[in-house]
Structure formats: C-alpha cells, structure tokens
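*Asks:* starting from these lines, generate the structure:
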Amino acid sequence: MGWLEILRDQVAAHGLPVVARELGVAKSTVCMVAKGTYPARTDKIEARVLAVYGGATVTCPVLGGIDAAACAAHQDRAKRIGLRAGNPETLRLFKCCSNCPVRGAKQGE
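*Replies:* Numbers count the residues shown, from 1 in each chain. Modelled structure (predicted):
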C-alpha cells in the first residue's frame, strides 16, 4: 500500500480535521493531496504520512522508542497543554515536540 492510499484510508476512517492535526498541516492541504489536486510537490507530505501512519517506530527523546501514531498523539497533547503543564513529562514533551525533526513541528503551529 502506497502513502497516498494510507492517507486516503486515514481520512476515510478518522476524518479530515483529525488527519490534518496529526500530520501538522492544513485541512485544505490534506484534502487537495488526497484528491490529487495539490499544486506543489508532495514529498514532505509523503514523509509525514509515512512517519505518522506508516507503522514505523520513532525515537522520542522523552519516551524512547514509540509507535509513530503514539508520537502524533503525544505531540498533539503537548501542544494543546503547552507550558501550562503540571506534569514534568508533559512539559518535557512540549519542549521536545515543539522542535521535533520527525514530524516537522514548529513551536506555536
């Protein structure tokens, strides 16, 4: 199964907003890529889809080796909570996830 089929399956299963949030891109980007009408190169989107949904294991500086889907969930949670975290692990996740090379996140995104 190719990355585009994986993306389309995830959109069908979870919905466009959820997939866009997990990938860290706009909903319109996911929509256009899934339809095949995205005007720009898709290599970065492909890398994100494979990193998040490809079943790969990533090495997190805080949690160690975790599933890519778990990485996406932890990053989303850490971004939502931010510096208000009362839990030291969540605060460490926020700091690490803000500059994650795996998911391409930027602080304040």
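*Asks:* quick one, strands of this structure?
*Replies:* Secondary structure of the chain (DSSP state E): strands at 57-60, 64-67.
*Asks:* okay, these in CSV with mean neighbour count next?
*Replies:* Yep, even glycine has a C-beta here, placed from its N, CA and C like the rest. Shown next, in CSV, are those (neighbours: other Cβ atoms under 10 Å):
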stretch, mean neighbour count
strand 57-60, 15
strand 64-67, 11
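*Asks:* where among these is average confidence lowest?
*Replies:* When the strands of the chain are ranked by mean pLDDT, strand 57-60 comes last with a mean of 80.
*Asks:* returning to what we had before: out of the strands of the chain, which is closest to residue 3?
*Replies:* strand 57-60 (16.3 Å; Cβ to Cβ).
*Asks:* and that closest one, which strands flank it?
*Replies:* strand 64-67 (antiparallel) (DSSP bridges).
*Asks:* okay, now the domains of this structure?
*Replies:* 1-54, 56-109 (automatic domain parsing).
*Asks:* of the ones you listed, which shows the lowest average pLDDT?
*Replies:* domain 56-109 (a mean of 75).
*Asks:* what's the spacing between that one and its chain's center?
*Replies:* 10 Å (Cα atoms, centre = their mean, to the nearest Å).
*Asks:* how much space separates the residue of the chain most remote from its centre from residue 63?
*Replies:* Seen from the C-alpha centroid of the chain, the residue lying at the greatest distance (Cα atoms, centre = their mean) is residue 86, 23.7 Å away. Going from residue 86 to residue 63 by Cβ to Cβ, to the nearest Å gives 18 Å.
*Asks:* same question for residue 35.
*Replies:* From residue 35 over to residue 63 (counting by Cβ to Cβ), the distance is 35 Å.
*Asks:* of those two, who's got more company?
*Replies:* residue 63 (15 against 9; other Cβ atoms under 10 Å).
*Asks:* re the thing from before, so which of the strands of the chain is nearest residue 26?
*Replies:* strand 57-60 (22.9 Å).
*Asks:* which residues sit against the closest one?
*Replies:* For strand 57-60, contacts defined as Cβ atoms under 8 Å, 6 or more residues apart in numbering pick out 51, 65-68, 71, 74, 96, 102.
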